[in-house]
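>>> Need the 3D shape of this:
(2 chains)
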Amino acid sequence: MSERPDPSKRASDNHQIDPREPLLRVEQLSVRFAGVRALSEVSFVVWPGELFAVIGPNGAGKTSLFNVLSRVYQPEAGRVTFAGQDLLRLKPHQVARAGIARTFQNMGQFPTMTVLDYLLLGRHTRMHSGILRAGLFIGPTRREEWENRAYCLHILDLLNLKEVRDRPLGSLPYGLQKRADLARALAMEPRLLLLDEPVAGMSLEETEEIAAIILEIKEQLGITQILVEHDMALVMGLADRVLVLDFGRVIAEGRPAEVQANPAVIKAYLGEESEQLPAPADDLPAVSEN
Amino acid sequence: MIATKEPGRSRLRQELPREAEPPHLLGSLARWLWLGVGVLALLLFFSLASDDWFTIVNYCLIAAIATLALNLLSGYTGQISLGLAFFMGLGGYTAALLGGNPPAGPLDPWGLGLPVFIWLPAAGLVAALVGALIGPSALRLRGFYLGIVTLALVFIGNYLFRNLNFITGGPQGRNFPVPAFGGFSLDQQNSILGVALTSGQQYFLLILVVLLLSALFVYNLSRSRVGRAMRAVRDHEVGAAIMGVNLFEVKMGAFVLSSFLAGVAGALYVSYARYVIPDYWSLSLSIQFVAAIIIGGIADVWGSILGAAFVFALPQVIDYFSLLPPSTGGGGLSSGDLNALLYGLLIIVFLLFEPGGVIGLVRRLRPGGPRPQRLGTGASAGAATVKEGGESIEVVDLQQHLPGPGEERGSSGTGAS
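You can find the predicted model right below:
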């Protein structure tokens, strides 16, 4: 696969993905900050169409892993291959173009931007107007703007956000902001969606809505997802496979049921005394409300 | 809930929904009314104002172009610059070199005597080119540090302008000939379509056209892909990069375009003042434009124009109407002192009470405009309103549009699409 971005071949054409090849391959990844090891020799693969979860206690290295994947952190060692290309050779802004979209753990980056503008910003790599064409705003630029607004409105519709399309993000309740962020990530038409604690700080009801959206992204759109989340019940109920990190190391990997039974995981999560993790039951445990 | 049929590009191309149409520049009745009011005001001003008023307003319109340039770079893109005067000077001297009279004696500065439609765009292009050369190193810096580097540009520029006698005429400055369009030059009475126009009126038309074109360009930019990327870079660089925005490209674009507009404004200034000295392109000129975007409104085209009016026209108006003497030689209050007082007061008042500037105030007071978040405004405003009271934030009406925990998904979402 060519490493040079080719405008005629969009990264998100899912049917081009070979299902026998992993979409993402992380090998022996290590990240270190001033002597502190955030990640130590982490390896895993994510298959196309999979919903892969990364869990672990606070400070386990989950967000560091995402920051490597979005090229915010430079790893000390290791290789990351995404769809056949070396991800670590891309600049941060080229990651989005390659087909990786990421949601934010905390909102508040763009408080004055309206929801619709935020989604359109997400479509930055899908649009082409440069300064001169944009400044003249004639013909093709207007057309492009119209097409992409239509696309974004469609996604807003799907996520029940259409009523707030012209509201500034900062004026929305937290749950809606997070949902708008998910909509923005979807608007990027990614091949791989990185969800950084998508239900953190959400109410039980909001959590269930997001869970349903995540499932539909997987089942209806077939987009590969990596989910970092504290909410164990959510992870165990949704994920195909789970990777457990503790102090920057992989302590377990496998299907939710296997991981839950793993003594190392139980120890890391609940300490020595505890015997088992909460089951992925239908009644989700209460999530802290914001 | 999420439809199986992905909205591909090809499908969108066939039928674009009306609701997704980008708003037209004159898309509403209110905007047509405003346009009418604006045209009427311009016509009234044009036919009634005295020469003094044309002088005040023409300088103010030139300043508005430069304010737009700074607002593009600092207001929209968030890159602090104190170097605007430098780029204006570059434009001014480019115009002087290209449009100036050929030297009569060996000590006179050079001039090629080219017409306005060459020196005006060339002034912008030269400033833009220098911006493009400086940008890659300057834009590696952020915030305060970028401010310092651009400040240095003003001093370097001042040194060059003082010493490049063959272009600038040295510290004494140089003349600039009257711009001429073919047969008629702008310093005499000319008649266009049978209407006799004074010099001030002709300059007014020239400057107004340039301002309108610049304003339209910046406005279009702000509502497009590039404008969104600029605002994203301003608000959160890492976040913008995660969206796929090339930070360097966006900053460079803003820097170069800003330099272009500043160069054009500088050229217009020189051609209108008819004389230019190096000291004009000083730090205090740069700072006046910073004041203009703060007072007028950050990241707003109308804000730029209003800001320029407040900073560059108001002092002249006060001088004009004030009964105070222009200068008292020490004791008492002169109209210059009054201006300095008002100017400082305005900046403080706007920074403290209305960070949106004059335009923010106007937009807030306008009926139907975006209202500030206020407690309890959600009660009657429709489906998607949100009530924010104290710490607890709850969605009031949106809930009923969302399926409950037990409901079947897929029915409620697709019903709307």
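>>> Could I get the full set of helices for the stretch 251-400 of chain B?
B:283-296, B:301-308, B:314-321, B:335-353, B:357-365 (DSSP state H, counting those that start in this stretch).
>>> how about the first one as CSV, C-alpha atoms only?
What it means is helix B:283-296. Only the C-alpha atoms of helix B:283-296 are listed here, as CSV (Å, rounded to 0.1, in the frame of the first residue of the first chain):
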residue,chain,number,x,y,z
LEU,B,283,5.2,50.0,17.0
SER,B,284,2.4,52.4,18.1
LEU,B,285,0.7,51.9,14.8
SER,B,286,0.8,48.2,15.2
ILE,B,287,-0.6,48.5,18.7
GLN,B,288,-3.4,50.7,17.5
PHE,B,289,-4.6,47.8,15.3
VAL,B,290,-4.4,45.4,18.3
ALA,B,291,-6.6,47.9,20.1
ALA,B,292,-8.9,48.0,17.1
ILE,B,293,-9.6,44.3,17.1
ILE,B,294,-10.1,44.2,20.8
ILE,B,295,-12.5,47.1,20.8
GLY,B,296,-14.2,46.1,17.6
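>>> elements contacting it?
Helices and strands touching helix B:283-296, by 3 or more Cβ pairs under 8 Å, 6 or more residues apart in numbering or on different chains; DSSP states H and E, are helix B:51-70, helix B:84-99, helix B:143-163, helix B:301-308, helix B:335-353, helix B:357-365. Just so you know, the C-beta spots here come from the backbone N, C-alpha and C atoms, and that holds for glycine as well.
>>> picking up where we left off before, format the helices of the stretch 251-400 of chain B as CSV; extra columns: mean pLDDT and mean neighbour count.
Shown next, in CSV, are the helices of the stretch 251-400 of chain B (pLDDT from 0 to 100; neighbours: other Cβ atoms under 10 Å in any protein chain shown):
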stretch, mean pLDDT, mean neighbour count
helix B:283-296, 93, 22
helix B:301-308, 95, 26
helix B:314-321, 82, 15
helix B:335-353, 84, 14
helix B:357-365, 87, 18
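>>> Please convert those to CSV, extending it with distance to residue A:214.
Compiled in CSV, these are given as follows (distance: least, Cβ to Cβ, whole Å):
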stretch, distance to residue A:214
helix B:283-296, 43
helix B:301-308, 41
helix B:314-321, 56
helix B:335-353, 44
helix B:357-365, 38
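>>> closest one to residue A:109 among those helices?
helix B:357-365 (21.5 Å; Cβ to Cβ).
>>> for the closest one, packing partners?
Looks like helix B:357-365 contacts helix B:283-296, helix B:301-308 (3+ Cβ pairs under 8 Å, 6+ apart).
>>> Which of these sits closest to residue A:46?
That would be helix B:301-308 among these, by Cβ to Cβ, at 46.1 Å.
>>> before we move on, back to that, just send the helices and strands packed on helix B:283-296 back as TSV, with distance to residue A:107 too.
Converted to TSV, those look like this (distance: least, Cβ to Cβ, whole Å):
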stretch	distance to residue A:107
helix B:51-70	30
helix B:84-99	34
helix B:143-163	23
helix B:301-308	27
helix B:335-353	27
helix B:357-365	23
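>>> So for residue B:291, which of those sits nearest?
It is, among the helices and strands packed on helix B:283-296 and with distance given as Cβ to Cβ, helix B:335-353, at 5.6 Å.
>>> and the angle from the closest one to helix B:314-321?
Here helix B:335-353 runs at an angle of 140 degrees relative to helix B:314-321 (axes from the mean of the first three to the mean of the last three Cα atoms, to 10 degrees).
>>> In terms of secondary structure, what does helix B:335-353 contact?
helix B:283-296, helix B:314-321.
>>> CSV please, covering these and showing distance to residue A:186.
Below are the helices and strands packed on helix B:335-353 laid out as CSV (distance: least, Cβ to Cβ, whole Å):
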stretch, distance to residue A:186
helix B:283-296, 36
helix B:314-321, 49
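>>> among these, which is nearest residue B:276?
Of the helices and strands packed on helix B:335-353, nearest to residue B:276 by Cβ to Cβ is helix B:283-296, at 12.2 Å.
>>> low-scoring stretches of the stretch 151-290 of chain A, by residue?
By pLDDT under 70, the weakly predicted segments of the stretch 151-290 of chain A are A:270-290.
>>> Burial check on the residue in it that chain B sits nearest to, number of neighbours?
Chain B sits closest to residue A:163 of the stretch 151-290 of chain A, with a gap of 3.1 Å, by Cβ to the nearest Cβ. For residue A:163, the neighbour count with other Cβ atoms under 10 Å in any protein chain shown is 17.
>>> what does residue B:227 give?
24.
>>> so it sits in a helix?
Yes. Counting by DSSP: H, G, I helix; E, B strand; the rest coil, residue B:227 is located in a helix.
>>> Who are the contact partners of it?
A:134, B:76, B:221 (Cβ atoms under 8 Å, 6 or more residues apart in numbering or on different chains).
>>> close enough to count as contact, the last one and residue A:134?
Yes. Using Cβ atoms under 8 Å, residue B:221 is in contact with residue A:134, at 5.2 Å.
>>> Tell me the helix or strand right after the helix or strand hosting residue A:120.
Using DSSP states H and E, the element containing residue A:120 is helix A:115-122. Per DSSP H and E, the first helix or strand lying C-terminal to helix A:115-122 is helix A:131-136.
>>> Show me the helices in the stretch 151-290 of chain A, by range?
A:174-187, A:204-216, A:232-238, A:256-261, A:263-270.
>>> how distant is the fourth one from the center of its chain?
Okay, so that is helix A:256-261. In terms of Cα atoms, centre = their mean, to the nearest Å, the centre of helix A:256-261 is set 23 Å apart from its chain centre.
>>> How about the last one?
Taking Cα atoms, centre = their mean, the mean C-alpha location of helix A:263-270 is offset from the chain mean by 25 Å.
>>> what's that helix packed up against?
By 3+ Cβ pairs under 8 Å, 6+ apart, helix A:263-270 packs against strand A:241-246, strand A:249-254.
>>> And it, what's buried?
For helix A:263-270, the neighbour count (16 or more other Cβ atoms under 10 Å in any protein chain shown) marks A:265-266, A:268-269 as buried.
>>> list the contacts for the residue in the stretch 101-250 of chain B positioned nearest to chain A?
Nearest to chain A, among the residues of the stretch 101-250 of chain B, is residue B:244, at 3.0 Å (Cβ to the nearest Cβ). By Cβ under 8 Å, 6+ apart, the contact list for residue B:244 reads A:93-97, A:124-125, A:188.
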